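Q: Requesting a structural model of the entry that follows:
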Amino acid sequence: MSFVAVNVLTVPDGAGATLEERFAARQGAVDSAPGFEHFELLRPLEGTSDYLVYTRWRSEEDFVAWRSSQSFGAGHAQASARPEGERPAASGSTIWAFEVVQSSDGASG
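A: Residues are numbered from 1 along each chain as shown. Sure thing, here's the model as predicted:
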């Protein structure tokens, strides 16, 4: 079964739109990584102000290899670069890791 990594992003008040714009600017950047299966950026509606970045991978090894890749490093360095005085879009990050043990894609048709 697949491996899921959820990046929990602490986003300061008023910075959600900036975070979403930065992710939109890099849309598809991870798509060609070996073992990559799925990505979702989840905006909080209630119960939390944290954004979740959901990625699904063929294996944990594929996820670890992507995190160690030049592509990951370059993309995150670019996201960290911002004009002087501009606030960061996220002030904290925690990775939750899961192994998929059951899955359903809903009724097809």
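
Q: For the chain, which element, helix or strand, carries the lowest mean pLDDT?
A: None of the helices or strands of the chain scores lower by mean pLDDT, DSSP states H and E than helix 70-80, at a mean of 63.

Q: Quick check: next helix or strand after it?
A: strand 92-99 (DSSP states H and E).

Q: quick one: low-confidence parts of the chain?
A: In the predicted model of the chain, residues 73-87, 108-109 satisfy pLDDT under 70.

Q: could you show me where the helices are in it, in order?
A: For the chain, applying DSSP state H gives helices covering 16-25, 60-67, 70-80.

Q: out of those, which comes closest to Ser103?
A: Proximity to Ser103 (CB to CB) singles out helix 60-67 among those, at 16.4 Å. From N, CA and C alone the C-beta is placed, and that goes for glycine too.

Q: The nearest residue to Phe36 once chain neighbours are set aside: neighbour count?
A: In space, and not counting its chain neighbours, Phe36 is closest to Val30: 5.5 Å by CB to CB, 6 or more residues apart in numbering. Using other CB atoms under 10 Å, Val30 has 17 neighbouring residues.

Q: what is the residue positioned nearest the centre of the chain paired to in the beta sheet?
A: Nearest to the geometric centre of the chain sits Val53, at 3.3 Å (CA atoms, centre = their mean). Going by DSSP bridges, Val53 is paired in beta bridges with Asn7, Leu41.

Q: which residues touch it?
A: Neighbouring residues of Val53 by CB atoms under 8 Å, 6 or more residues apart in numbering: 6-7, 9, 23, 39-42.

Q: tell me the two of the residues you listed that are most distant?
A: Val6 and Phe23 (14.7 Å).

Q: mind listing what's buried in stretch 23-39?
A: Buried residues in stretch 23-39, counting neighbours by 16 or more other CB atoms under 10 Å, are found at 23, 30, 33, 35-36.

Q: so which of these would you say is closest to Glu99?
A: Nearest to Glu99 out of the buried residues of stretch 23-39 is Gly35 (CB to CB; 14.0 Å).

Q: Could you give the number of residues near the nearest residue to that closest one once chain neighbours are set aside?
A: Counting by CB to CB, 6+ apart, Asp62 is the residue found nearest to Gly35 once chain neighbours are left out, at 2.5 Å. Neighbourhood size, Asp62 [other CB under 10 Å]: 17.
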